[in-house]
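# what's the 3D shape of this:
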Amino acid sequence: MPTPPRRRAVLFGSAQPGWQWAVAARPALAFGLPALIVLVAGHQQRAMIVALG
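Below is the predicted model:
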């Protein structure tokens, strides 16, 4: 069984380099994909409003 991480490492540690891209991709897709769909549909003025949520 693995040992639990130290409290200091849990509070002040950073994510592993492999996970940082995955964490950034989810919000980028959540805001960017709907805006891209609206932009492709021909509503350029509304794409920014959709991207802002």
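# please make it C-alpha for all contacts and neighbour counts, starting now.
Fine.
# now the helices for this structure?
Ranges of helices within the chain are 7-12, 17-40, 44-52, based on DSSP state H.
# quick one, the longest one and helix 44-52 angle?
Okay, so that is helix 17-40. For helix 17-40 against helix 44-52, the angle between stretch directions is 150 degrees (axes from the mean of the first three to the mean of the last three C-alpha atoms, to 10 degrees).
# which positions within helix 17-40 qualify as buried?
Neighbour counts over helix 17-40 (16 or more other C-alpha atoms under 10 Å) mark 32, 35, 36, 38, 39 as buried.
# ok so, going back, export the helices of the chain to CSV and tack on mean pLDDT?
Below are the helices of the chain laid out as CSV (pLDDT from 0 to 100):
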stretch, mean pLDDT
helix 7-12, 76
helix 17-40, 79
helix 44-52, 80
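# dump those helices into a markdown table; add distance to residue 1 as well.
Listed next are those as a markdown table, based on distance: least, C-alpha to C-alpha, whole Å:
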| stretch | distance to residue 1 |
| --- | --- |
| helix 7-12 | 18 |
| helix 17-40 | 23 |
| helix 44-52 | 45 |
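# any idea how far apart the tips of stretch 1-10 sit?
The straight-line separation of the ends of stretch 1-10 (C-alpha to C-alpha, to the nearest Å) is 18 Å.
# distance from it to the middle of the chain?
In this view, stretch 1-10 has its centroid 26 Å away from the chain centroid, taken as C-alpha atoms, centre = their mean, to the nearest Å.
# kindly report the same for stretch 30-38.
Distance, stretch centre to chain centre, for stretch 30-38: 13 Å (C-alpha atoms, centre = their mean).
# for residue 45, see how far away the nearest residue to residue 47 once chain neighbours are set aside is.
Using C-alpha to C-alpha, 6 or more residues apart in numbering and skipping residues adjacent in sequence, the residue nearest residue 47 is residue 35, 4.8 Å away. Spatial separation of residue 35 from residue 45 under the definition C-alpha to C-alpha is 10 Å.
# check residue 9 too.
When distance is defined by C-alpha to C-alpha, residue 9 is 46 Å away from residue 45.
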